[in-house]
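Enquirer: Give me the fold of what follows.
(chains A and B)
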2 protein chains.
Amino acid sequence: MEKAGFDLIVCQDPANMCWLTGYDGWSFYVPQCVLVHLEEDRPIWFGRAQDARSARLTTGLPEKNIVPFSERLVQQPVEHPYDELAQMIRSRGWRKARIGVEMDAHYYTARCHAHLINGLPDAHFANNHDLVNWARLVKSEAELVLIREAGAICTYAMNRAIEKMRPGVPQNHVIAEIYHAQIMGVPGAGGDYAAICPLMPVGEGTSTPHLTWSDAPLPDSGLAILEIAGVRRRYHAALTRTVHFGRPPQAILDMAKAIVEGVDAGLEKARPGYTAEEVEAAWQAVLRKNGLKKESRVGYPVGLAYPPDWGERTASLRPGDTTEMQSGMCFHFMTGVWLDDFGIAISESFVVTDRGGERLCDVARELIVID
Amino acid sequence: MEKAGFDLIVCQDPANMCWLTGYDGWSFYVPQCVLVHLEEDRPIWFGRAQDARSARLTTGLPEKNIVPFSERLVQQPVEHPYDELAQMIRSRGWRKARIGVEMDAHYYTARCHAHLINGLPDAHFANNHDLVNWARLVKSEAELVLIREAGAICTYAMNRAIEKMRPGVPQNHVIAEIYHAQIMGVPGAGGDYAAICPLMPVGEGTSTPHLTWSDAPLPDSGLAILEIAGVRRRYHAALTRTVHFGRPPQAILDMAKAIVEGVDAGLEKARPGYTAEEVEAAWQAVLRKNGLKKESRVGYPVGLAYPPDWGERTASLRPGDTTEMQSGMCFHFMTGVWLDDFGIAISESFVVTDRGGERLCDVARELIVID
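Expert: Residues are numbered from 1 along each chain as shown, chains lettered A, B, ... in the order given. So this is what the prediction gives:
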């Protein structure tokens, strides 16, 4: 914060709020945030009055650091909760502060920003460029314990899904199985809700990554892609597998093989001494050799997350990203290829180690053929 | 739009995007929107290149109305997808348009707004005050079919949860059961993901509404609240029930009885000729008579929704809201009372009819005692 020139940062990203204070609850559909001031020992939680009790139960913050806003401000067309946030900031003597806000955090709306600025005309506002998200990039040992448990949950859920996927089975029956497994978790580690619902594009739908299910039956032939996460105390490990119903054409088998080979090439470089773009380049080189390419970025950091995204919005595995690999970083290596009429994805989540990327899940690394 | 003074509206709320075009996919974690221009026959979908194929599969829009942005703009610190949105608006000759944006839509971030304004210096921007959300308030017959199916799914899921809730059962086992039921749905109507995860505060946690589960066992005595929805093709019906383990004290039984009586009083007024605040007042009168009160609003419209909220952010059942009840409006009547150390909620979702509020779910209307 000091180096970036801020006295105060306003953090609305729910994952940042949790990481800074432990706060946990599905209350992020109303404006709320955690404030960190250079001269304060502890962060300040600001949120809806009825959620202040959740802050008392889930954080270790002292009472004076839990500041509720008035219930009547919820979804009001004229007044806004951040009128009271501005007032609170003024009342603490910070009206001239240099304030860093998360301009692109999902729930920091244009209206939140407008009311905050309006209430603090003497402050200096700037985008803090996801300062806290960047601080979350390298995971602690305690975080890695949870992420590895999340990986075990993801493995269990993916395998249960694959067992359930047969021609004629309604798509939603497979998804019900996935949710059940995600939440049951594995012995010693119950599961939590994922930041993204299970994604299962089928047939032509595999040409695009974010379609969800219907209650139509799975087909007798063709492709389906599954993208899911395991979640343990809000820490995520994500995974993608592709299923082929019926005997797959050789071209599809070749493409799947190239993808797995590309993953190995990337994992090999996921160690200190290499950069994000070098991991991507290693994968892309294998694709190119096989006459394929993937235009979009091929991975992003994962960890503590809330809907709508399990990515951390910082580094990307793509050309131009020179973030250096450090032990303890975790990525979802989103290794898929989407063509005009179908796609195949066989991804891994990994933790960066001295020996390369360590896979967090353990599901058969191949095109899953259901014949 | 004309009456509100707009040539063009930019709709980023995923529910508005779906309602206007049919677009459906979990892609709302990147900037995307639907544009409606007064002089155009059809809306325009704007989103990520890899999601454009989802737009082709889920909307009936012609190809020229599906405008993808470049993949390299995803989560870039300097450039932003809305630079290309501004460019597209200029290229269609709308650079001086009066543009209405959804200032408080969950995903319309401060940065989205800043880039859009910056790219259109000659346009006139104003908050469109959720114009499309308001248009969604009265449901069509086709929408009511889906909402009633959602109600049936919610009934099924709530009853399965209650059957599963026994002292000693790990909390996450109950939640796994709920998810499974929500997605399996009922005969003829498969379920979809809900805009909010199942909420199940337990014991002291019932004093605050948005806590989620752990893998700790359910207690031998005391309260637990369940708040869930059933969802059919993105249409929601939500419901809350309270469980008491062991024999409940008389004060808790009395409070539950007062809540159910308050619901009936409100439902009676949920018909044309009354306003939102009159529905609330009828409920509040019963509470007052029983020495209770609820400070926060007691309901909001439900229908088509995406995470993080199944409410529609328009009318509220609270003092000062003079929205007139019209047949076909749907509300979640969030009838709960939260005290300092515990809470009880026994809510209903209803559709406004000439005969009063018609309940969408059918679960025992009482404190559920598990002894």
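
Enquirer: contacting residues around the nearest residue to A:Leu292 once chain neighbours are set aside?
Expert: Spatially, and ignoring its direct neighbours in sequence, A:Leu292 is nearest to A:Val337 (5.4 Å; CB to CB, 6 or more residues apart in numbering or on different chains). To be clear about C-beta, it is placed using only N, CA and C from the backbone, and glycine gets the same treatment. A:Val337 sits next to A:255, A:259, A:287, A:292-294, A:343-345 when contact means CB atoms under 8 Å, 6 or more residues apart in numbering or on different chains.

Enquirer: how about a cut-off of 7 Å?
Expert: Listed by CB atoms under 7 Å, 6 or more residues apart in numbering or on different chains, the contact set of A:Val337 reads A:255, A:259, A:292, A:294, A:343-344.

Enquirer: I'd like to know how far whichever residue of the stretch 51-200 of chain A sits closest to chain B sits from A:Ile153.
Expert: Nearest to chain B, among the residues of the stretch 51-200 of chain A, is A:Gly190, at 2.8 Å (CB to the nearest CB). Relative to A:Ile153, A:Gly190 is positioned 9 Å away (CB to CB, to the nearest Å).

Enquirer: of these two, who's got more company?
Expert: A:Ile153 (29 against 23; other CB atoms under 10 Å in any protein chain shown).

Enquirer: excluding its backbone neighbours, what's nearest that one?
Expert: Distances taken as CB to CB, 6+ apart place A:Gly230 nearest to A:Ile153, at 3.1 Å, with adjacent residues excluded.

Enquirer: Surely the one you found and A:Gln182 touch.
Expert: Yes - if you go by CB atoms under 7 Å, A:Gly230 and A:Gln182 touch, sitting 6.4 Å apart.

Enquirer: Common neighbours of those two, please.
Expert: A:153, A:157, A:191.

Enquirer: give me the number of residues near the last one?
Expert: By other CB under 10 Å, the residues close to A:Gly191 number 30.

Enquirer: Same question for A:Asp104.
Expert: For A:Asp104, the neighbour count with other CB under 10 Å is 23.

Enquirer: And for A:Glu39?
Expert: Counted with other CB under 10 Å, A:Glu39 comes out at 7.

Enquirer: Give the closest residue to it in space, chain neighbours not counted.
Expert: Of all residues beyond its chain neighbours, the one nearest A:Glu39 is A:Asp7 (7.7 Å), with distances taken as CB to CB, 6+ apart.

Enquirer: count of residues packed around that neighbour?
Expert: 18.

Enquirer: Do I have it right that it meets A:His37?
Expert: Yes - between A:Asp7 and A:His37 there is a contact under CB under 7 Å: 6.4 Å.

Enquirer: okay, and the common contacts of these two?
Expert: Residues touching both A:Asp7 and A:His37 (CB under 7 Å, 6+ apart): A:Trp94.

Enquirer: who's in contact with the one residue in the stretch 251-371 of chain A that gets nearest to chain B?
Expert: Here the residue of the stretch 251-371 of chain A nearest chain B is A:Asp309; by CB to the nearest CB that distance is 3.8 Å. By CB under 7 Å, 6+ apart, the residues touching A:Asp309 are A:195-196, B:29.

Enquirer: just checking, which of the residues you listed belong to helices?
Expert: Among these, no residue falls in helices (DSSP state H).

Enquirer: Please report which of the residues you listed has the highest neighbour count.
Expert: Neighbour max across these (other CB under 10 Å) = A:Ala195, 24 neighbours.

Enquirer: So that one is in contact with A:Glu312, correct?
Expert: No - in terms of CB under 7 Å, A:Ala195 does not count as a neighbour of A:Glu312; the distance is 10.5 Å.

Enquirer: Give me the domain ranges for chain A.
Expert: Following the assignment in automatic domain parsing, chain A carries domains at A:8-135, A:141-370.

Enquirer: Which one, of the ones you listed, ends up nearest to B:Ala126?
Expert: Across the domains of chain A, B:Ala126 has its closest neighbour in domain A:8-135 (11.6 Å, CB to CB).

Enquirer: Distance from the chain centre to that closest one, please.
Expert: Put simply, domain A:8-135 sits 21 Å off its chain's centre (CA atoms, centre = their mean, to the nearest Å).

Enquirer: out of the contacts of A:Val337, who's nearest B:Leu20?
Expert: Nearest to B:Leu20 among the contacts of A:Val337, counting by CB to CB, is A:Gly343 at 27.1 Å.

Enquirer: Just list the residues touching the spatially most central residue of chain A, thanks.
Expert: In chain A, the centroid-proximal residue (CA atoms, centre = their mean) is A:Trp310; its distance is 1.3 Å. By CB under 7 Å, 6+ apart, the contact list for A:Trp310 reads A:194-196, A:229, A:236, A:238, A:302.

Enquirer: Can you turn the buried part of those into a ChimeraX selection?
Expert: Burial among the contacts of A:Trp310 is assessed by 16 or more other CB atoms under 10 Å in any protein chain shown; the matching ChimeraX selection reads:
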select /A:194,195,196,229,236,238,302
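
Enquirer: So which of the contacts of A:Trp310 sit within strands?
Expert: Judged by DSSP state E, these include A:229, A:236, A:238 as members of strands.

Enquirer: Bridged to the first one, which residues?
Expert: Right, the one you point to is A:Ala229. When bridges are called by DSSP bridges, A:Ala229 pairs up with A:Ala238.

Enquirer: Counting neighbours, what do you get for A:Trp45?
Expert: 26.

Enquirer: Then A:Pro187?
Expert: 8.

Enquirer: Ramachandran angles for A:Arg53?
Expert: With angles defined as degrees, to the nearest 10, A:Arg53 sits at phi -70, psi -30.

Enquirer: Correction: the previous question concerned A:Asp264.
Expert: Torsion angles at A:Asp264 (phi, psi; degrees, to the nearest 10) stand at phi -60, psi -40.

Enquirer: for A:Glu324, same thing?
Expert: Here A:Glu324 shows phi and psi, under degrees, to the nearest 10, equal to phi -80, psi 140.

Enquirer: What's the local residue count around it?
Expert: 13.

Enquirer: so is A:Val78 in a helix, a strand, or just coil?
Expert: Of the three states, A:Val78 takes coil according to DSSP: H, G, I helix; E, B strand; the rest coil.

Enquirer: Need the pLDDT of it.
Expert: We have a pLDDT of 94 for A:Val78.

Enquirer: Next up, phi/psi of it, please.
Expert: For A:Val78, the backbone dihedrals (degrees, to the nearest 10) come out as phi -100, psi -60.
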